[in-house]
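Q: below are the sequence and a predicted model; questions follow.
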Amino acid sequence: MFLIRIQRRLLLLSVCLLSASAFAAEESLDNPYGLSALWAQGDWVAKATLLILVLMSMASWYVIFTKLMDQNRVMGFAQSANGSFWNAGTVKQGAEGLEADSPFRFIAEKGLEGASKHTGLLGAVDFNTWVTMSIQRAMNQVQSRMQDGLAVLATVGSTAPFVGLFGTVWGIYNALVKIGMSGQASIDKVAGPVGESLIMTAIGLAVAVPAVLGYNWLVRRNKIAMEEVQAFGADLHAVLLGKGTGPGTGADAGSNSR
């Protein structure tokens, strides 16, 4: 009997939940002021505007997640470089001990290449200046790669509200045209189309705010990562010029790289 009562109560609860969900679904379908009504009643301009906002949101979130993973990888490469590179016998051995896609290995290889190719016409350039330029070019390339995609966030953050505002203005215009043609200006005839149009502005803001916050956050993290890169480049420059104090520095590093 106890099990039968429990089964009956569970059955009654499931029926109530199904009824509530069906009522909610029916209410959402019959809601004349929701997104479904906006899509169903909107023209091709309104639908295109909504699709553009959706694509902008997807692009901004994609950039946020991918750049976050890239920055985490760079910080991991920085720890690896600080732990293994400076314990190597030479700069070349230290570079070969780093990961193949590590930006710190890229900078070390470019610095070695600049130190070993200081011949011919390049010999007229001061060695210190030439090595500095080689390392600085490599660091600039690393910084450029780290900034890839941030322009997308800046563009989305600055334009999404205006795209949503355009959708609102266009929707209100069409609503007023329909009201004028029908000759009915009651509150229920005006509130529906105008409310649907205002949703566009809310969507535009919902797209822009995460993009702006993500942009500022990623820019700050980029600065932290670039501080590690610049510190590594400065130390590498000192080693290649023979100012280091460990083994494999100075002339030894340059001779082994040739």
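A: Everything's here; your move. If you're wondering where the values come from, they're calculated on a predicted model, not measured in any experiment. Numbering: from 1, shown residues only.

Q: please make it C-alpha for all contacts and neighbour counts, starting now.
A: Fine.

Q: and residue 51, what does it touch?
A: Contacts here follow C-alpha atoms under 8 Å, 6 or more residues apart in numbering; on that basis residue 51 touches nothing.

Q: run the last query once more with 10 Å
A: Taking C-alpha atoms under 10 Å, 6 or more residues apart in numbering as the criterion, residue 51 is in contact with 45, 57.

Q: packing partners of the longest helix along the chain?
A: Ranked by residue count, the top helix of the chain under DSSP state H comes out as helix 187-240. Counting by 3 or more C-alpha pairs under 10 Å, 6 or more residues apart in numbering; DSSP states H and E, the packing neighbours recorded for helix 187-240 are helix 35-41, helix 44-84, helix 91-96, helix 103-116, helix 127-146, helix 150-182, helix 251-257.

Q: swap in 6 Å and give it another go.
A: helix 150-182 (3 or more C-alpha pairs under 6 Å, 6 or more residues apart in numbering; DSSP states H and E).

Q: may I see the buried residues of the helix it packs on?
A: 150, 152-154, 156-157, 159-172, 174-176, 178-179 (16 or more other C-alpha atoms under 10 Å).

Q: kindly report the same for stretch 94-108.
A: By neighbour count on 16+ other C-alpha under 10 Å, the buried set for stretch 94-108 is 94, 95, 98, 102, 103, 104, 105, 106, 107, 108.

Q: columns pLDDT on top of those, output as TSV?
A: Listed next are the buried residues of stretch 94-108 as TSV, based on pLDDT from 0 to 100:
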residue	pLDDT
94	84
95	84
98	83
102	87
103	89
104	89
105	88
106	90
107	89
108	88
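
Q: would you turn those into JSON lines with distance to residue 69?
A: Conversion of the buried residues of stretch 94-108 to JSON lines gives the following (distance: C-alpha to C-alpha, whole Å):
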{"residue": "94", "distance to residue 69": "25"}
{"residue": "95", "distance to residue 69": "23"}
{"residue": "98", "distance to residue 69": "19"}
{"residue": "102", "distance to residue 69": "14"}
{"residue": "103", "distance to residue 69": "15"}
{"residue": "104", "distance to residue 69": "17"}
{"residue": "105", "distance to residue 69": "19"}
{"residue": "106", "distance to residue 69": "19"}
{"residue": "107", "distance to residue 69": "21"}
{"residue": "108", "distance to residue 69": "23"}
